[in-house]
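Novice: Would you be able to build a 3D model of this:
(chains A and B)
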There are 2 protein chains.
Amino acid sequence: MNRISIGVDLGGTNLRIAAVDEQGALVEKVTLGTKVSLGRDHVIGDMCDAIQSMSEKYRNSAPLLGIGIGVPGIIDMQTGLVRESPNLPDWVDYPARAAIEQRLKTVVILENDANVAALGEKWLGAAKDYADMAMLTLGTGVGGGLVLGGAIWRGANGMAGEFGHTTVEPEGQTCGCGNRGCLEQYASATAVVRLAREAIASNGGSALARAAHSDTEFSAKSIYNLAIQGDEDARRIFRYVGRCLGIVLSAMVNSLNLPIYVIGGGVSSAWEAFSPAIFEELRRRCMVYAATAPHDPLATNQGASAHVEAGPGHKTIITRSLLGSDAGLYGAARLPMIAETRR
Amino acid sequence: MNRISIGVDLGGTNLRIAAVDEQGALVEKVTLGTKVSLGRDHVIGDMCDAIQSMSEKYRNSAPLLGIGIGVPGIIDMQTGLVRESPNLPDWVDYPARAAIEQRLKTVVILENDANVAALGEKWLGAAKDYADMAMLTLGTGVGGGLVLGGAIWRGANGMAGEFGHTTVEPEGQTCGCGNRGCLEQYASATAVVRLAREAIASNGGSALARAAHSDTEFSAKSIYNLAIQGDEDARRIFRYVGRCLGIVLSAMVNSLNLPIYVIGGGVSSAWEAFSPAIFEELRRRCMVYAATAPHDPLATNQGASAHVEAGPGHKTIITRSLLGSDAGLYGAARLPMIAETRR
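Specialist: Modelled structure (predicted):
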């Protein structure tokens, strides 16, 4: 009888709950809307109801290993407090873990959403079988996660992995974090739309402008659709996204020399449009990449074939997420399976 | 009877050899010139003669634990080959470790010079008692070392820790590594002199210009002397050095959330001139630093008082090297004491 754990991906838009077994097989997945506007108690209520009904369903068939929850914010692992969360503002400094545990009458593990996405890709995705890896998630913002020696690297205060706030342009766009010119300002979905509006304002970018006016939800996806149709203005935006990612990845590769870096999140669907610029920057800018690049980086970035062994002659792999939007869900389910200390 | 090990700091200018005991006490230190122009065989000969005479001297009083050598270059730890070395060009792809071991008839450990400096500061210096730390060495170039869990983090190919090649200005000064705008181009001794010559060329910077003409060895030190005398042009250069260091440290703190970052190398003597700008940038640019900064970062950066415990409420310490130019010597002597595998 396979044991299962329940993973939760608490996003600003969707609340997803899955039961996953120890081999990583999906048993069941439920998607709800996250009713952020109704307040944290309502969201926690919806989440706990769904967790409870799922755990009861499998009570007699599969022992429950535990519950892991990916939260879009910085979590204090000691206290279970959410320290910062742009998408769940009323969760900040609220003892979320204690509230959830009180309702469920069992322990849960909270973890930053980009960290669980990294853990998911490390367990079952593009970085499977690598002990060391980093992940960038290109969504509303740019999240980051670092896995070293098989475990999430949290740092001294549990705040590590914020690669999205590496400076790309020292005097660039102001970022919500207080810095200027962060990667997040050039490689998030929000940034892609802003860059498109800037292009329209400066040169009228005709197809972009038409899309912006006719498309009620003018999004990164609309701009990607124009790019794959060959629109030069849209293509230029994604080349710039790739350039900025390449600058930050160059620093990551030179600093950490990890065997593999995975790029996920919604914007990673536009991989074809921005990845050539990433590799161009890496070859120009990054001596460690230049010394360790695969002969054909794009070819080794198409999934399972990327799984080569790390070692002295190891090639540096930069690749897109294999699990896509499920990375965080699998990573959250993984948390109870590798928890170092059970309270 | 204390056991000793012999540490070697092989610089482009000086060749220093020390016997250090297991408690970190210096037993003896010898400084020779590195006769790079006479070729690698001559340098290896001088080094091995000095190691041999030192090891013979203590043969009857202190058992020898081993020999560690810090080399200014990227070392392949498996093969003992020097992979890259701007200061020892004829060592590249030469089996240096085998040649040294053949002469000494014993095993030696080769390691990158910035990595051994980090190890020295972690063992006996500013990062004493911290398991995790990073180091920047501001010398002819800008080196970097990362210590995680008490051990040097080498990465998949032994090339990790190259923080000096993080991009600060995407279209800035061309760097020897192939990138543009690397930290090394703004925070090394070489960079300080170049920035001074640029200031002279653009505005005639009178005191700088006089120093450049009268001082036969117009160096980073000459410019620092002008800065402490209050010369505004010289002070501006060091503020810019601090700004660039602050941008890179911001990325390091956001990414790694280490408890302590140590700045060493010759240029760190100008700490008073550049460090205020580092902290200004960190406060503005780095959310993890903003959340974890000590009340008075400069006060906690004056040595032994910086030794606080890492933990949930840990403060991020940015401080200068305590061991100064001896960091690499002590770190090299430390190598045989913590070697994971003895061949």
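
Novice: residues of the longest helix along chain A that come out buried?
Specialist: Longest helix of chain A, by residue count under DSSP state H: helix A:232-256. Within helix A:232-256, the residues scored as buried using 16 or more other Cβ atoms under 10 Å in any protein chain shown are A:233-235, A:237-256. Every residue, glycine included, has its C-beta placed from N, CA and C.

Novice: Ok, stretch A:313-324 next?
Specialist: Buried-residue list, stretch A:313-324, by 16+ other Cβ under 10 Å: A:H314, A:K315, A:T316, A:I317, A:I318, A:T319, A:R320, A:S321, A:L322, A:L323.

Novice: quick one: that stretch near chain B?
Specialist: Yes. Interface with chain B: stretch A:313-324 contributes A:G313, A:H314, A:T316 (Cβ under 8 Å from any Cβ of the partner chain).

Novice: circling back to that earlier point, go back to the buried residues of helix A:232-256 and keep what's next to chain B.
Specialist: A:I247, A:S250, A:A251, A:M252, A:N254, A:S255, A:L256.

Novice: what ranges do the strands span in the stretch 1-150 of chain A?
Specialist: All strands of the stretch 1-150 of chain A, identified by DSSP state E, counting those that start in this stretch, fall at A:4-10, A:14-21, A:26-33, A:64-71, A:74-76, A:81-84, A:109-112, A:133-138, A:142-148.

Novice: I'd like the ones you listed as CSV, with mean neighbour count and mean pLDDT appended.
Specialist: Formatted as CSV, the strands of the stretch 1-150 of chain A follow (neighbours: other Cβ atoms under 10 Å in any protein chain shown; pLDDT from 0 to 100):
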stretch, mean neighbour count, mean pLDDT
strand A:4-10, 28, 97
strand A:14-21, 22, 96
strand A:26-33, 14, 95
strand A:64-71, 24, 96
strand A:74-76, 22, 86
strand A:81-84, 20, 86
strand A:109-112, 26, 95
strand A:133-138, 29, 97
strand A:142-148, 27, 97
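
Novice: Tabulate the ones you listed (JSON lines), appending distance to B:N115.
Specialist: JSON lines is the format used below for these (distance: least, Cβ to Cβ, whole Å):
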{"stretch": "strand A:4-10", "distance to B:N115": "38"}
{"stretch": "strand A:14-21", "distance to B:N115": "40"}
{"stretch": "strand A:26-33", "distance to B:N115": "43"}
{"stretch": "strand A:64-71", "distance to B:N115": "35"}
{"stretch": "strand A:74-76", "distance to B:N115": "30"}
{"stretch": "strand A:81-84", "distance to B:N115": "33"}
{"stretch": "strand A:109-112", "distance to B:N115": "30"}
{"stretch": "strand A:133-138", "distance to B:N115": "20"}
{"stretch": "strand A:142-148", "distance to B:N115": "17"}
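
Novice: Mind checking which of the residues of stretch A:313-324 next to chain B land in strands?
Specialist: Assigned to strands by DSSP state E, none of the residues of stretch A:313-324 next to chain B qualify.

Novice: Tell me the one of the residues you listed nearest chain B?
Specialist: Closest approach to chain B among the residues of stretch A:313-324 next to chain B (Cβ to the nearest Cβ): A:H314, at 4.4 Å.

Novice: now that closest one, nearest residue through space, not along the chain?
Specialist: Among residues not flanking A:H314 along the chain, B:A156 sits closest, at 4.4 Å (Cβ to Cβ, 6 or more residues apart in numbering or on different chains).
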